[in-house]
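Colleague: Sharing a model that was predicted from the sequence below.
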Amino acid sequence: MIQLAELANPAAYQHPLDISFCTKEFLLYQLESMLIIRKSEDIISENFGTGVIKCPCHLGIGQEAIAVGISTQLRKTDRVFGAHRSHAHYLALNRNSFGLFAETLGKYAGSSHGMGGSMHIIDRKNGFWGSVPIVGATVPIATGAALAAKMDGNGDIAVSYFGDGATEEGGVQESFNLAASMKLPVLFICENNLFASHLHIDLRQPTDATIRYAEAHRIKCELVDGNDVIEVSKATERAVEYIRSGFGPYYIEMVTYRWKGHVGNRDDIDVGVQRKDNLLKWKQRDPIRRLTEAMIQQHLLSSEELEILNDKIQSKLNDDWNKALDAEYPKSEALLSLVYA
Ligand SMILES: Cc1ncc(C[n+]2csc(CCOP(=O)(O)OP(=O)(O)O)c2C)c(N)n1
C-alpha cells in the first residue's frame with residue numbers, strides 16, 4: 001500500500017530548493033506571495049490572541065507554498081474552492097489582505113461583507129469561488145463547477161482544496177467517482193498536513209497517503225512535497241495541461257504541516273497531541289526559508305534586499321489592517337439582503 005514515507009519525515013526535505021531553470025521574476029513572485037500570506041496570518045494570529053478578531057480562525061502558517069505554487073498556474077476564469085483553512089487560497093489569487101482582514105473583523109468591506117468571517121471567503125473576480133467549513137463540502141461543489149465548465153467549453157477548470165480529513169467524507173469519494181466517470185476538468189488538491197483537528201492520520205486511516213483514493217478511482221495522481229513551492233508549481237503545470245487537454249481529473253497530494261493548532265493561534269502542543277518535537281523539525285522545513293536560502297545561494301537575492309522586501313510587505317499589511325479596523329460594520333438591513341431572502 002502507498003505510504004508517504006520520507007515525505008512525512010520532518011527531518012527530511014529541509015534543503016534549499018532546486019531553483020534551476022526558474023526566472024528571477026518567477027521566484028520573486030512566489031516569494032512575495034508566500035510572505036504576504038505568512039505575514040497576513042501572523043497579524044490575524046496576533047489579533048485573534050488579543051480578542052480583537054472574534055470569529056474562529058484556522059491558520060495555515062507553514063502551508064503557504066501549496067496555494068502559491070498552484071495559483072501561478074491558473075487563469076482568472078478558473079473556479080477555485082477552499083474549506084475552513086483557506087486564507088492562503090484566497091490571498092494567493094488576489095493578494096487582497098484588506099478584504100481578508102475586514103472579513104475577519106466582520107466589516108462590510110470584507111470579502112463577504114462581514115457576513116462570513118474567516119471561514120466563508122469569496123472573490124469570484126479573481127477565481128476564488130468560495131470556501132465552506134463543512135468538511136468535504138466544497139469537493140462536490142467544485143465537481144459540479146467542473147461539469148458546468150465542461151459544458152461551457154471555454155477550457156476553464158475547477159480546483160478543489162481539501163484536507164486529509166475530508167477524504168473520510170462520503171460525498172468526497174462520490175465526487176472522485178463522478179469526476180473520473182465523466183472526465184470532468186477538476187484538479188483535486190489534498191493538503192495532507194497529517195492531522196484532522198487533533199487526530200493524526202495514523203489513528204484514522206490504514207495508510208497515511210490519501211493518493212490511494214485517486215488510484216482506486218483511476219484518477220491520474222502524484223505525490224508532492226507541499227513545502228517546495230517549485231515542485232508544487234511544476235506538478236500543477238503538468239496537471240493543468242492534462243486537465244485542459246480534456247483527459248479528466250487529476251489528484252495531487254501535497255504533504256505539509258500546519259504550525260498552529262487546529263483553530264486559533266496556539267501551537268497545539270498541549271492538547272493531548274504529541275507534536276512538539278515534530279513541530280520544531282517542521283519549522284526547519286519552512287517553505288519560505290527553503291526558497292530564500294536557494295535564492296541567496298544563487299545570488300538572485302541579497303540579505304539586504306530580503307530585509308527591504310520584508311519591510312515593504314509588512315508596512316503595506318499594517319496599513320491594510322488599520323484600514324480594516326477603521327472600516328464600517330454592515331447595517332443590520334444587510335442581513336435581509338445578504339443572508340436571508
Ligand atoms: C462535516 C463536518 N464534520 C466535522 C467538522 C468539524 N471539523 C472542522 S475542521 C475538521 C478537521 C478537518 O481536517 P482536514 O480535512 O484534514 O483539514 P485541516 O484542518 O487539516 O486543514 C473537523 C473535523 C466539520 N466542520 N464538518
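Modeller: Yes, it's here.

Colleague: CA only for contacts and neighbour counts going forward, please
Modeller: OK.

Colleague: what's around residue 83, how many residues?
Modeller: Neighbour count for residue 83, taken as other Cα atoms under 10 Å: 26.

Colleague: Might you report the residue contacts of it?
Modeller: Residue 83 is in contact with 119, 131, 132, 133, 134, 135, 136, 137, 138, 161, 162, counting by Cα atoms under 8 Å, 6 or more residues apart in numbering.

Colleague: Check which helices and strands the longest helix anywhere in the chain sits against.
Modeller: Criterion DSSP state H: the longest helix present in the chain is helix 24-49. In this structure, helix 24-49 makes packing contacts with helix 64-71, helix 87-94, helix 97-104, helix 287-297, helix 303-326, judged by 3 or more Cα pairs under 8 Å, 6 or more residues apart in numbering; DSSP states H and E.

Colleague: Any part of the second one near the ligand?
Modeller: No. Against the ligand, helix 87-94 shows no contacts by Cα under 6 Å from any ligand atom, the least distance being 11.2 Å.

Colleague: what residues does that helix touch?
Modeller: Residues from elsewhere that reach helix 87-94 (Cα under 8 Å, 6+ apart): 33-34, 36-37, 41, 59-60, 64, 67-68, 71, 82, 96-97, 100, 118, 121-123, 126-128.

Colleague: Please apply the same query to the first one.
Modeller: Identification of contacts with helix 64-71 by Cα under 8 Å, 6+ apart yields 30, 33-34, 37-38, 88-89, 92-93, 191, 226-234, 236, 254, 287-288.

Colleague: can you pull the buried residues of the longest helix of the chain?
Modeller: Going by neighbour count (16 or more other Cα atoms under 10 Å), the buried part of helix 24-49 is 27-28, 30-41, 43-45, 47-48.

Colleague: again, but for stretch 114-124
Modeller: Neighbour-count burial for stretch 114-124 [16+ other Cα under 10 Å]: 114, 115, 116, 117, 118, 119, 120, 121, 122, 123.

Colleague: Please report the distance of the last one from the ligand.
Modeller: To tie it back to what came earlier, the one meant is residue 123. Residue 123 sits 20 Å away from the ligand when distances are taken as Cα to the nearest ligand atom, to the nearest Å.

Colleague: what pairs with that residue across the strands?
Modeller: Note on residue 123: beta-bridge partners residue 128, judged by DSSP bridges.

Colleague: Write out the residues of this structure neighbouring the ligand.
Modeller: 85, 133-135, 162-166, 193, 195-197, 262.

Colleague: make it 5 Å
Modeller: Within the chain, the residues that sit near the ligand (Cα under 5 Å from any ligand atom) are 134, 135, 163, 164, 165, 166, 196, 197.

Colleague: Show the contacting residues for the fifth one.
Modeller: By that I understand residue 165. Counting by Cα under 8 Å, 6+ apart, residue 165 touches 135, 195, 196, 201.

Colleague: try it again with 6 Å
Modeller: residue 196 (Cα atoms under 6 Å, 6 or more residues apart in numbering).

Colleague: in the chain, which ranges drop under the pLDDT threshold?
Modeller: 270, 272, 341 (pLDDT under 70).
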